[in-house]
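Engineer: give me a 3D structure for the following:
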Amino acid sequence: MKQSTRVPSLLAFSLLFTAWSSRAVADNWPQWRGPHNDGISVEKNIPAEWSDAKNLAWKLPMPGIGSSTPAVWGDRIFLTSADGNDLELLCISTEGKELWKQKLGGGVKKEGPRDEANNASASPSTDGKHVWALVGTGEFACFDFEGKEVWRFNAQERYGKFRTQWGTHTSPLLYKDRLFLQLLHGGAQWVIALDKATGQEVWKINRPSDGRAECHDSYASPSVWDNGKDAYLVVHGNDYTTAHDLKDGSEIWRLGDLNPPTPKQRYNTTLRLVSSPLTTPDLVVVPTAKKGVVVGLKPDAKGLVHAGSEYEQWRLPDGTPDVPSPLLHDGLVYLCGENGELKVLDAKSGQVAYAQQLHRSRYRASPVYADGKIYLTARDGTVTVVKPGRKFEELATNNLREDITASPVVSNGRIYLRGWSNLYAIGQK
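Structural biologist: Below you'll find the predicted structure:
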């Protein structure tokens, strides 16, 4: 009797369909806050728990410390790192093997309280063909996927010496055929657009402010608001958040009353901004610093926007995150404070749904959403996994016992965590 091949064929088809389906929802993570610059991943089957013995695909020792969040495209991971006295761009395969590295500059300098960062803090970006990286010494370079240099310049030589108290950590933003860079510090207040193919300047504007002292120094990164029809650049620092036309940098709106929030309050000369605004099609969430004001802004704002303006969706007098950037998912805004207090707001009203103390530590990484879970990473390597919603529900707590100041990355079914000693791939081997 002839044996039927129907069952094996159906099984093969099923396995093929499953593999195709999993790839269909796989996502690259091309820059710091992900594919849409909002910390959101659409991937599924992402683990909530891991340890040295569970859901650890691999870990790779790093040549030195770094706080830059990796960029991932296909089977390649890019990140900057110290290596002795050098600053390097590393290319790692998703199998955990170093493919190549290129020196960006020299002069590894630890910055900030408790040596929390160094000159390898700005995150790289990639479009699948090239990768761009900036380090705190000012070296800015583009490489192809094989590690060949395409262009390079030093931003301090081109735009003036960086004058920040705690180093330069702003990450350039890749959007279509341009790179956008904000250099807001004691020596200059520049917003810059570059041609990604050549590194040549497309436009540069001076962004004026009446801020003073340490407020000149912004450690935030630019973002683009895009609703599928219109788009503009959002820049944050020196007491204001501003929107700029992508074509020429002209200012569209300026949000004020961030320092101080009201005329009766005293000006804070140390209100340097680190946390970056979150841009979504329906809302721009603007943090400040040091437990200060946080604003939900309507994206169609125009001109100078003061507290109480019709363009403000809501304004809270306090509770901003200091370093982690906001996250918005399913109508709720998630704010992670410096000490690990998680505050959840209704995106329409700004009303607090709940506030919950997480694992007590310092929090520098920004929260990430994937597969029905929110990942919140503490400086000591503890990652608390929380279920989204109006009531607090902890799903898991994981600790790799290593300092982590970079934000998590979700790509191709895995979470990538860049620690100070190792790069971790969390997920199936």
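Engineer: and the helix or strand harbouring Leu342, what does it pack onto?
Structural biologist: For Leu342, the host element (DSSP states H and E) is strand 341-346. Packing contacts for strand 341-346, counted by 3 or more CB pairs under 8 Å, 6 or more residues apart in numbering; DSSP states H and E, involve strand 332-336, strand 352-357. Every residue, glycine included, has its C-beta placed from N, CA and C.
Engineer: just those: most buried one?
Structural biologist: Highest mean neighbour count among the helices and strands packed on strand 341-346 (mean count of other CB atoms under 10 Å): strand 332-336, with a mean of 24.
Engineer: check which helices and strands it sits against.
Structural biologist: Using 3+ CB pairs under 8 Å, 6+ apart, strand 332-336 sits against strand 327-329, strand 341-346.
Engineer: okay, these in JSON lines with distance to Ala188, mean neighbour count and mean pLDDT next?
Structural biologist: What follows is the helices and strands packed on strand 332-336, written out as JSON lines (distance: least, CB to CB, whole Å; neighbours: other CB atoms under 10 Å; pLDDT from 0 to 100):
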{"stretch": "strand 327-329", "distance to Ala188": "31", "mean neighbour count": "22", "mean pLDDT": "98"}
{"stretch": "strand 341-346", "distance to Ala188": "34", "mean neighbour count": "20", "mean pLDDT": "98"}
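Engineer: and of these, who's closest to Lys373?
Structural biologist: When those are compared for distance to Lys373 using CB to CB, the nearest one is strand 327-329, at 10.4 Å.
Engineer: pLDDT below threshold where in this protein?
Structural biologist: 1-26, 109-115 (pLDDT under 70).
Engineer: how about a cut-off of 90?
Structural biologist: Under the criterion pLDDT under 90, the flagged ranges of the chain are 1-27, 52, 106-118, 164-168, 262-264, 428-429.
Engineer: for it, just list every one of the helices.
Structural biologist: 6-24, 155-159 (DSSP state H).
Engineer: report how many residues lie close to Asp300.
Structural biologist: Here the number of neighbours of Asp300 (other CB atoms under 10 Å) works out to 10.
Engineer: ok, the residue lying closest to it once chain neighbours are set aside to Arg254 distance?
Structural biologist: Nearest non-adjacent residue to Asp300, counting by CB to CB, 6 or more residues apart in numbering: Tyr311, 7.3 Å away. The spacing between Tyr311 and Arg254, counted by CB to CB, to the nearest Å, is 11 Å.
Engineer: tell me, what's touching these two both at once?
Structural biologist: Val305 (CB atoms under 8 Å, 6 or more residues apart in numbering).
Engineer: picking up where we left off before, the helices and strands packed on strand 332-336: which one's closest to Val385?
Structural biologist: strand 341-346 (11.8 Å).
Engineer: coming back round to it: now distance to Thr280 too, for the helices and strands packed on strand 341-346, in CSV please.
Structural biologist: Compiled in CSV, the helices and strands packed on strand 341-346 are given as follows (distance: least, CB to CB, whole Å):
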stretch, distance to Thr280
strand 332-336, 10
strand 352-357, 18
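Engineer: pretty sure the residue nearest to Asp300 is touching Pro299, no?
Structural biologist: No. Counting by CB atoms under 8 Å, Pro299 is not a contact partner of Tyr311; they are 9.1 Å apart.
Engineer: wait, Val135 touches Asn119, no?
Structural biologist: Yes. Look at Val135 against Asn119 with CB under 8 Å: they come within range, at 5.1 Å.
Engineer: more neighbours, these two?
Structural biologist: The neighbour count for Val135 versus Asn119, taken as other CB under 10 Å, is higher for Val135 (30 against 27).
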